[in-house]
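Colleague: return a 3D structure for these sequence lines:
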Amino acid sequence: MPDQHNHYKRVWIFRVILFLIASYTSAAFYYSTLTPLILRYTLTILFPISLLCCLFISKTILRRISLSCLIVGFLIWYETDPPLNTRDWATEYAIPAHVTFEGNNVHIFNIRHIRYKTVEHYTVYYTNAVFDPNTITSVDLIVSYWKGTAIAHVFLSFGFSDGRHLAISVETRRQKIFSYSSIAGFFHHYELFYVVADERDLIGVRTDIRKERVYLYPLKLSAPLRKQLFLNYLYAIQSLYDHPRWYNTLTTNCTTEILSNAHIPLLWRLHWRILLSGHVPSLAYTLGLLDQQIPFTDLQRHSLIYRPRKATLDSPTYSNDIRNKTLFPFSETKTK
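Modeller: This is a model prediction of the structure:
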């Protein structure tokens, strides 16, 4: 009897695992970029059904061979499914930035400047500019919450001695035919995209248009680290321009790419405060990367970007305004 009980237990465990595999493959095909659409929908339905139908094959060896062939076939397709730069992209992701190096200077092409009227109505402009990485004076951690406190979009903005700021955000590169889906990011659905833009674009859309809670934390980095981090971003941008990569919500996202460019060990990229990106500022505080003269709760409160009711994104002083603490309706309390 115990042997029979264990046999039934193993059978049910096997069935549950197979059901999970079938569910995963179905989602992988559904959120894939396969064309035509009829092929994608057909595989979404028929492939998992084929896996589950193997349960009804009476001969063990034949059942194992059939399952192995299907699963190996899926893995081969998934691992060889190539990310591309040549798709019909949504307007805001249509033109990637790219970089050339000349002496101490870097030439950055296609810096995005979106001017928003509403979330749906906007005009996209692009400019080119030259920067000297030796003149970087600040690196700010931008954290934007659109719902709750656990998940946020995280990106960096680099400040230069001439007063310019350049924001770089790692995002999903979405095709026109697809609407945004948080689930799709777990599969081969979005290519990885580095948005290089002015702050009125990347930060302004969140503070003034979407009305998200956006925080700006100055990072405590030495001049050599600021320069190297900026250069690592530029190398990644140019690499993507030539060799596209898949975005992945768990392993290759807005937060893990920051850590990758900072050459942070892989173990840290799996920290729960990285996976739950809304807690990245508290992790940065713990690691001594933020101002520790005041408790983190006070620092967080004073890092919230405050926008007066009549503020406008047309203001050329936007970058200074979001850093001007005298605009805050809070009194600053410091601990001694």
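Colleague: how long is stretch 177-197 end to end?
Modeller: 24 Å (Cα to Cα, to the nearest Å).
Colleague: please work out the average pLDDT along that stretch.
Modeller: In this model, stretch 177-197 carries a mean pLDDT of 95.
Colleague: so, low pLDDT: which residues of the chain?
Modeller: 1-5, 7, 326-336 (pLDDT under 70).
Colleague: what about 50?
Modeller: 331-336 (pLDDT under 50).
Colleague: that one - how does it break down into domains?
Modeller: Following automatic domain parsing, one gets these domains for the chain: 2-80, 91-327.
Colleague: dump those into TSV; add mean neighbour count as well.
Modeller: In this view, the C-beta of every residue, glycine as well, is placed from N, C-alpha and C. Below are those laid out as TSV (neighbours: other Cβ atoms under 10 Å):
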stretch	mean neighbour count
domain 2-80	13
domain 91-327	16
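Colleague: now the helices for the protein?
Modeller: Assigned by DSSP state H, the chain shows helices spanning 2-30, 37-53, 60-80, 199-202, 204, 223-242, 254-261, 266-269, 272-275, 280-286, 296-303, 318-321.
Colleague: how about a markdown table for those, with distance to Thr149 added?
Modeller: Formatted as a markdown table, the helices of the chain follow (distance: least, Cβ to Cβ, whole Å):
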| stretch | distance to Thr149 |
| --- | --- |
| helix 2-30 | 28 |
| helix 37-53 | 35 |
| helix 60-80 | 34 |
| helix 199-202 | 21 |
| helix 204 | 22 |
| helix 223-242 | 26 |
| helix 254-261 | 15 |
| helix 266-269 | 21 |
| helix 272-275 | 12 |
| helix 280-286 | 10 |
| helix 296-303 | 10 |
| helix 318-321 | 25 |
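Colleague: for Asn248, which of those helices is the nearest?
Modeller: Taking Cβ to Cβ, helix 254-261 is the member of the helices of the chain nearest to Asn248, at 8.6 Å.
Colleague: that closest one versus helix 223-242: what angle between them?
Modeller: For helix 254-261 against helix 223-242, the angle by axes from the mean of the first three to the mean of the last three Cα atoms, to 10 degrees is 110 degrees.
Colleague: what does helix 254-261 rub up against?
Modeller: If you take Cβ atoms under 8 Å, 6 or more residues apart in numbering as the criterion, helix 254-261 is touched by 153-156, 169-171, 192, 229, 232-233, 236, 268-269, 274, 277, 280.
Colleague: then stretch 107-123?
Modeller: With Cβ under 8 Å, 6+ apart as the criterion, stretch 107-123 contacts 92, 95-101, 124-131, 166, 195-198, 200-201, 204-205, 208-210, 234, 313.
Colleague: repeat that for stretch 212-229.
Modeller: 133-134, 136-146, 156-158, 203, 206-207, 261-262, 281, 284, 288-291, 299-300, 303-305, 322-323.
Colleague: one more time with 6 Å, if that's ok
Modeller: 133, 136, 139-146, 206-207, 262, 281, 289-290, 303-305 (Cβ atoms under 6 Å, 6 or more residues apart in numbering).
Colleague: how close does the residue nearest the centre of the chain get to Lys9?
Modeller: Geometric centre of the chain, nearest residue: Cys254, 2.7 Å, by Cα atoms, centre = their mean. Distance from Cys254 to Lys9, counting by Cβ to Cβ, to the nearest Å: 42 Å.
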